[in-house]
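*Asks:* Structural data only, the sequence is not supplied:
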Ligand SMILES: Nc1ncnc2c1ncn2[C@@H]1O[C@H](COP(=O)(O)OP(=O)(O)O)[C@@H](O)[C@H]1O
Ligand SMILES: [Mg+2]
Ligand SMILES: [Zn+2]
């Protein structure tokens, strides 16, 4: 099967960051604020592979880093560390090493984002289903009738 996306060790820190951020935060410390530098560890060591035709859902409690992960992959922000490779007909694209023009091209032609804040991403002139379908159509994974037919 064709791999579409390979994410390895994706992490995000808001703040200056230090070499103790990851070893002094997390569930066992019951905080995501580094006691040494005050940075917020928003995401730590996310890795996954996504294959053609798959739909991946990421679940987690509020504040666990879901939005941060997606924002990094959509180039809204650069991660603190980690890598992501996008595979398409033209080959491999290391997402966080692309130049701004290459990033813009992927954002505009290959990726679609539905932001949590509906004003940013939803088209109120069409149905909720239509808004969701728009992103899937852009991904070329399914056509509209296939999308409608799925539960
Ligand atoms: N721009 C930001 N500056 C500082 N902290 C942030 C910022 N965005 C998110 N955070 C913090 O990062 C953590 C992860 O947030 P987020 O990715 O929004 O989680 P989720 O989407 O899973 O609810 C939370 O502690 C959140 O408060
Ligand atoms: Mg979120
Ligand atoms: Zn730190």
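*Replies:* Happy to help now that I have it. In this text, all values refer to a predicted model and were calculated from it rather than measured experimentally. Ligands and ions are numbered 1, 2, ... in the order given.
*Asks:* nearest residue to residue 40 other than its sequence neighbours?
*Replies:* Closest residue to residue 40 apart from its sequence neighbours, by C-beta to C-beta, 6 or more residues apart in numbering: residue 14 at 4.4 Å. Backbone N, C-alpha and C define where each C-beta goes, glycine included.
*Asks:* Heading C-terminal from the helix or strand bottoming out on mean pLDDT in the chain, find the next helix or strand.
*Replies:* Sorted by mean pLDDT, DSSP states H and E, the helices and strands of the chain end with helix 118-121, the least confident at a mean of 70. Next helix or strand after helix 118-121 toward the C-terminus (DSSP states H and E): helix 128-138.
*Asks:* what does the domain assignment say about this structure?
*Replies:* Here the domain parsing of the chain from automatic domain parsing is 3-97, 112-151.
*Asks:* now those domains as JSON lines including mean neighbour count and distance to residue 103?
*Replies:* As requested, the domains of the chain are exported to JSON lines (neighbours: other C-beta atoms under 10 Å; distance: least, C-beta to C-beta, whole Å):
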{"stretch": "domain 3-97", "mean neighbour count": "15", "distance to residue 103": "5"}
{"stretch": "domain 112-151", "mean neighbour count": "12", "distance to residue 103": "13"}
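*Asks:* and the residue positioned nearest the centre of the chain, what pLDDT?
*Replies:* Taking C-alpha atoms, centre = their mean as the criterion, residue 70 is the residue nearest the geometric centre of the chain, at 2.1 Å. Residue 70 carries a pLDDT value of 97.
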